[in-house]
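Enquirer: let me see the structure of the following:
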Amino acid sequence: MVPKVFDGYKFEEVLQNSVNTTAVQTPVSQLPDSDGSIFVVIPTYRDGERCAKTIKSIFDNANNPEKIVIGLVEQNDPEDVFCLSAYCDFYGKWDTKNLLPA
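Expert: Predicted structure coming up:
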C-alpha cells in the first residue's frame with residue numbers, strides 16, 4: 001500500500017525516498033481496553049470549505065467510519081464559512097445561516 005496525503009482536493013502519493021524500505025513494518029497493536037477508535041484533530045484558520053472536504057474525505061475513506069472521532073479547532077471571521085456548517089451542507093442537514101437543524 002502506497003502512503004497518501006489528502007490536500008483538501010485530492011490524494012497525493014507520499015514519496016518514500018528517505019524511508020528505509022528494507023525494514024519490516026508491523027502494525028501497531030490495539031490497546032487491550034480500546035475499541036479501535038481514532039481521534040483526528042483538525043486545526044483550521046479561516047478555511048471552512050477545505051476543512052469540510054477533509055472531514056468528508058476522512059469518513060468516506062474510513063473502513064470503520066463509526067470509529068472516527070473528529071476534534072475541530074476553528075478560528076474564523078464571522079463572515080467566513082464555518083467548517084461544520086460546510087460539512088453538513090454536503091448532506092443537507094443544517095441551515096448554515098442559523099446553525100439550527102433544518
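Enquirer: pLDDT weak spots in this protein?
Expert: By pLDDT under 70, the low-scoring segments of the chain are 1, 15-28, 94-102.
Enquirer: helices of that one, start to end?
Expert: Using DSSP state H, the helices of the chain run over 48-61, 83-89.
Enquirer: convert the first one to CSV, retaining C-alpha atoms only.
Expert: Presented in CSV, the C-alpha positions along helix 48-61 are these (Å, rounded to 0.1, in the frame of the first residue of the first chain):
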residue,chain,number,x,y,z
GLY,A,48,-14.1,26.1,6.3
GLU,A,49,-14.6,24.8,2.8
ARG,A,50,-11.3,22.8,2.8
CYS,A,51,-11.9,21.7,6.4
ALA,A,52,-15.3,20.3,5.4
LYS,A,53,-13.9,18.5,2.4
THR,A,54,-11.2,17.0,4.7
ILE,A,55,-13.7,15.7,7.2
LYS,A,56,-15.9,14.3,4.4
SER,A,57,-12.8,12.5,2.9
ILE,A,58,-11.9,11.1,6.3
PHE,A,59,-15.3,9.5,6.7
ASP,A,60,-15.6,8.5,3.1
ASN,A,61,-12.3,6.6,3.1
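Enquirer: check which helices and strands that helix sits against.
Expert: If contacts are counted by 3 or more C-beta pairs under 8 Å, 6 or more residues apart in numbering; DSSP states H and E, helix 48-61 sits against strand 38-45, strand 68-75, helix 83-89. All C-beta atoms are positioned from the backbone trio N, CA, C, and that covers glycine.
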